[in-house]
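Trainee: show me the folded form of this:
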Amino acid sequence: MKIYVLLKRTFDTEEKISVVNGQIDEDSAEFIINPYDEYAVEEAIQQRDAHGGEVTVVTIGNEDSEKQLRTALAIGADKAVLINTEEDLDDGDQFTTAKILEAFFDGKDVDLILAGNVAIDEASGQVGPRIADLLGIPYVTTITSLKIDGTAVNIEKDVEGDVEVIETTLPLLVTCQQGLNEPRYPSLPGIMKAKKKPLEEIYLDDLDLGEDDIEAKTKTIDIFLPPEKAGGRVLEGDVKDQVKELVSLLKNDAKVM
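Mentor: Okay, here's the model as predicted:
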């Protein structure tokens, strides 16, 4: 099987994030593989081990993204591709990403494409479905189970506290979420092997794409951190007095009544 994983380099939301002049200060941020993409990498490896073939991880970005690609290789992916847009793309959106990946997949033999359900930085959940639509293949989002038998595929996904069962066929794109599997960590032997695995770097010119082909359809107006939360308050005294004070606070301070 020809299996591809769409990988994104995102900032670590568990670490401090600074916003300067409406932009995230990347110099002070820690970057990781988008956590939902980790489920996609793990599932790709499991499907390869069960059915044969190879796993290729693909990302769009600059040379800094090589670290995340090497991590995916250390986990068990076979190949990596960096579509380097640093010199050719000032800004982009989900439309831009989908068009670039459409050009990348043009002419390629693809059985299965996996991606994270959302990216934790923008959380639009658009890229996977957009690519599937452009490639003309079926897609299923937010899956929690993936079983392949030949070209037949059985999928489970969460829907409002229940489970939906879907039957479809390869080629196919799926987006992955928590509950699908338990992502593994890179092992020391895996890290050593990753240094020798192929990491291909290509550019927009290699994909025969011009700026007009991938011009963003949306624009980010501003980026800002949420306001700091005020400390909690403990009400004391008789219960009746506490209730009166609580009602007063909700009405006059919080203005929710």
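Trainee: can you give me the strands for the stretch 101-250 of the chain?
Mentor: 112-116, 139-149, 152-159, 162-169, 172-176, 199-203 (DSSP state E, counting those that start in this stretch).
Trainee: listing partners with orientation, what would you give for the fifth one?
Mentor: Just to be clear, that refers to strand 172-176. According to DSSP bridges, strand 172-176 forms sheet pairs with strand 112-116 (parallel), strand 139-149 (parallel).
Trainee: now render the strands of the stretch 101-250 of the chain as TSV, adding distance to Leu246.
Mentor: No exception for glycine: its C-beta is placed from N, CA and C like everyone else's. Formatted as TSV, the strands of the stretch 101-250 of the chain follow (distance: least, C-beta to C-beta, whole Å):
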stretch	distance to Leu246
strand 112-116	42
strand 139-149	39
strand 152-159	37
strand 162-169	37
strand 172-176	43
strand 199-203	59
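Trainee: any idea which of those strands is most buried?
Mentor: strand 112-116 (a mean of 27; mean count of other C-beta atoms under 10 Å).
Trainee: and the residue nearest to Glu167 when sequence neighbours are not counted, what does it touch?
Mentor: Spatial nearest neighbour of Glu167, chain neighbours left out: Asn154 (5.7 Å); criterion: C-beta to C-beta, 6 or more residues apart in numbering. Contact analysis of Asn154 by C-beta atoms under 8 Å, 6 or more residues apart in numbering lists 145-148, 165-167.
Trainee: averaging pLDDT per element, find the lowest-scoring helix or strand in the protein.
Mentor: Counting by mean pLDDT, DSSP states H and E, the chain has its least confident helix or strand at strand 23-24, which shows a mean of 70.
Trainee: I'd like the next helix or strand past that strand.
Mentor: Downstream of strand 23-24, the next assigned helix or strand under DSSP states H and E is strand 31-33.
Trainee: mind listing what's buried along the helix or strand just after that next one?
Mentor: Later in the chain than strand 31-33, the nearest helix or strand by DSSP H and E is helix 35-51. Neighbour-count burial for helix 35-51, counted by 16 or more other C-beta atoms under 10 Å, picks out 35-48.
Trainee: that older thread, in CSV: the strands of the stretch 101-250 of the chain, plus mean pLDDT and distance to Val81.
Mentor: Below are these laid out as CSV (pLDDT from 0 to 100; distance: least, C-beta to C-beta, whole Å):
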stretch, mean pLDDT, distance to Val81
strand 112-116, 97, 13
strand 139-149, 97, 21
strand 152-159, 94, 24
strand 162-169, 96, 26
strand 172-176, 97, 17
strand 199-203, 96, 5
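Trainee: closest one to Arg130 out of the contacts of Asn154, please.
Mentor: For these, the minimum distance to Arg130 (C-beta to C-beta) is 19.5 Å, reached by Ile166.
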